[in-house]
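1. missing the sequence, but the structure's below:
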Ligand SMILES: Nc1ncnc2c1ncn2[C@@H]1O[C@H](COP(=O)(O)OP(=O)(O)OP(=O)(O)O)[C@@H](O)[C@H]1O
């Protein structure tokens, strides 16, 4: 589904990724672990087409009737369009738009993809409800607890039924009970048979819930389990 081969990326003299290869099959969840500065976020951003590698390729299999895309070869506009249509993102802070309600935040990617307004809001309500936030669509972002905001962010990431969800320390700002519930929601929503989940985490309990763990040290893969 996603095959990255020999990724290299440097920031000036600093080599953040050195010959990193990753292969993700449908239905799989992958944890990326490693010490601070080992290249985890750089790898996530490169796999997700947020930044391009200096060398190496990231191939994303097309959906039915679509060709495979090489993310590094796409222009900025094409990469942005692909991210919107195929990927969902969850970060440590929910990154919701504070001026919008919870439901508007979740509906936004669908509206950007051209979905009909009523259908987008129906899907947003269903997504919020699936994450235990039934009837929360009209709530302001500022009224939500950290765990609620993160579940809204997960609903937004899942709204487009993405091929892949990328999560960067998604539970890092939450207490352990809330983190566990949020992780359950993320795994249940993202690790469907035809889709996948890639999580950057420092937390062994998060990694233990994933199918595989890739450990980076100084930009290189130290182990994959
Ligand atoms: N935009 C940038 N400009 C310059 N250097 C960068 C940039 N992004 C990352 N780096 C450097 O690349 C290396 C890898 O950074 P990265 O953020 O990927 O590590 P990480 O494993 O995610 O770290 P952490 O766990 O602390 O978030 C680090 O040495 C970092 O300082």
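-> Noted; the coordinates are in hand. Note that the coordinates shown come from a computational prediction; the quantities given were computed from them, not determined experimentally. Residues are numbered from 1 along each chain as shown.
2. by mean pLDDT, flag the weakest helix or strand of the chain.
-> Every helix and strand in the chain was compared by mean pLDDT, DSSP states H and E; the lowest is helix 176-190, with a mean of 82.
3. who's in contact with that one?
-> 29, 88, 90, 130-132, 145-147, 150-151, 154, 157-158, 162, 165, 167, 170-171, 174, 196-197, 199, 203, 205-206, 209-210 (Cβ atoms under 8 Å, 6 or more residues apart in numbering). Heads up, the C-betas are built off the backbone N, CA and C, glycines and all.
4. of these, buried ones?
-> Buried members of the contacts of helix 176-190, scored by 16 or more other Cβ atoms under 10 Å, are 29, 88, 90, 130-131, 146-147, 150-151, 154, 157-158, 162, 165, 167, 170-171, 174, 196-197, 199, 203, 206, 209-210.
5. centre-most residue in the chain?
-> By Cα atoms, centre = their mean, the chain has its centre lying nearest to residue 166, at 1.6 Å.
6. pretty sure that residue contacts residue 86?
-> No - with contact defined as Cβ atoms under 8 Å, residue 166 does not reach residue 86; the gap is 10.8 Å.
7. which bits of this protein sit near the ligand?
-> Residues of the chain lying close to the ligand (Cβ under 6 Å from any ligand atom) are 11, 14, 16, 34, 36, 37, 38, 39, 40, 41, 42.
8. quick one, what contacts the third one?
-> Contacts here follow Cβ under 8 Å, 6+ apart; on that basis residue 16 touches 9, 10, 39, 42, 219.
9. is it correct that it falls within a strand?
-> Yes - Residue 16: assigned to a strand according to DSSP: H, G, I helix; E, B strand; the rest coil.
10. residues contacting the closest residue in space to it that isn't next to it in sequence?
-> Setting aside the residues directly before and after it, residue 16 is nearest to residue 42 in space (Cβ to Cβ, 6 or more residues apart in numbering), at 4.3 Å. Counting by Cβ under 8 Å, 6+ apart, residue 42 makes contact with 9, 16, 17, 51, 219.
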